[in-house]
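Undergrad: coords please:
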Amino acid sequence: MERFNPYRAFAGCVLPSWLLRARDVSMGAKLAYARLAQYAGETGVAWPTVATLGAELGVSERQARSYLAELRGHRLIEQEDDPQHRSSSKFFFLRHPWMETNPDRGAGSCPPEGKNPSGQGGRILPPKRIREENQGRESLLLTTLLRARARTRRRGVGTSRTRRR
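TA: Numbers count the residues shown, from 1 in each chain. Just a heads-up that it's a prediction; the model follows:
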């Protein structure tokens, strides 16, 4: 296997540190929160169907409903049924005291608007710009993975063939 630097290499969900540390919340509910946050975009409102959320988390619709109920129970999200679309609901994110207790950041874990919480400089990019950058990274990542796979096959790694020296 080849080593690589994962820094800014992937597009996907981000799990906030304050939520990662919350022992009262299951890992499945944490992943559901991260995926909902990714859906929210600029508006801060997410509206995937429960079936879609379950499929993306790799769980049943029933399990996805359970994760959403857990998040509502902890007052991390609020769910509002959409009268125009029976299978869809709107999910709103609620400020929670857990957000303010992050030992890595001191006073609070929610960064000021536009500030980069990583401490590595730069600004948080607007969602449209992030999507554009992520699309480029995804194609670069796919190309890199395909090349690595081809190199592995040429070497005969994982096959019964032995390599000549």
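
Undergrad: Any regions of this structure where pLDDT drops low?
TA: Applying pLDDT under 70 to the chain flags residues 101-146, 152-153, 155-165.

Undergrad: 90 instead, please
TA: Low-confidence segments of the chain (pLDDT under 90): 1-14, 39-43, 47, 81-89, 99-165.

Undergrad: quick one: the strands in it?
TA: Ranges of strands in the chain, per DSSP state E, are 45-46, 77-81, 89-93.

Undergrad: list the contacts for G58?
TA: Residues in contact with G58 (Cβ atoms under 8 Å, 6 or more residues apart in numbering): none are found. Just so you know, the C-beta spots here come from the backbone N, C-alpha and C atoms, and that holds for glycine as well.

Undergrad: between the strands of the chain, which one is nearest to Y39?
TA: Evaluated with Cβ to Cβ, these place strand 45-46 nearest to Y39, the distance being 3.7 Å.

Undergrad: tell me what the closest one is packed against?
TA: In terms of contacts (3 or more Cβ pairs under 8 Å, 6 or more residues apart in numbering; DSSP states H and E), strand 45-46 is packed against helix 27-40, strand 89-93.

Undergrad: Hmm, K90 and E80 touching each other?
TA: Yes. With contact defined as Cβ atoms under 8 Å, E80 reaches K90; the gap is 4.6 Å.

Undergrad: if I look at the closest residue to V45 other than its chain neighbours, how far off is T49?
TA: Leaving aside its sequence neighbours, V45 sits nearest to K90 (Cβ to Cβ, 6 or more residues apart in numbering; 5.4 Å). K90 sits 12 Å away from T49, taking Cβ to Cβ, to the nearest Å as the criterion.

Undergrad: One more: F10?
TA: 25 Å.
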